[in-house]
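Enquirer: Below: sequence and its predicted model.
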Amino acid sequence: LFSQQNIWITYVYVMVIWPWLGVASMIARIQIGGDREQNQFSPLWHLPLLGTVGAVSTVMQIVAIKTLTICDATVLVLLDAVWA
């Protein structure tokens, strides 16, 4: 996964992993705030929606990375900290 030979693959994997932090946070809120009267998180509605969004974003990422040039990747790496 983390190899020195191809830093761009490592960057792509890191960018794929971070959305799961939001999913883990929502699932943790179910466990922590389960005693409330109304729970805003509905697993039957939100988990399939999050899965669909994740699948679409992964497909779009794979399609985009096929046309990515070194110049594009360099600009993305430099602007990633600015956009965050």
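Expert: Sure, I can see it. Values in this document were obtained by computation on a predicted structure and should not be read as measured data.
Enquirer: contacts and neighbour counts: CA atoms only from here.
Expert: Fine.
Enquirer: so how many other residues sit close to residue 10?
Expert: Using other CA atoms under 10 Å, residue 10 is surrounded by 15 other residues.
Enquirer: Then the one 3 residues further on?
Expert: The local packing count at residue 13 equals 12, with neighbours defined by other CA under 10 Å.
Enquirer: burial measure for residue 12, as a count.
Expert: 13.
Enquirer: Residue 22: neighbour count?
Expert: The tally of other residues near residue 22 (other CA under 10 Å) stands at 11.
Enquirer: what's the helix or strand for it?
Expert: Following DSSP states H and E, one finds residue 22 within helix 19-32.
Enquirer: Which elements pack onto that helix?
Expert: Counting contacts by 3 or more CA pairs under 8 Å, 6 or more residues apart in numbering; DSSP states H and E, helix 19-32 packs against no other helix or strand.
Enquirer: If you count neighbours, what's buried in that helix?
Expert: Buried residues in helix 19-32, counting neighbours by 16 or more other CA atoms under 10 Å, are found at 26, 30.
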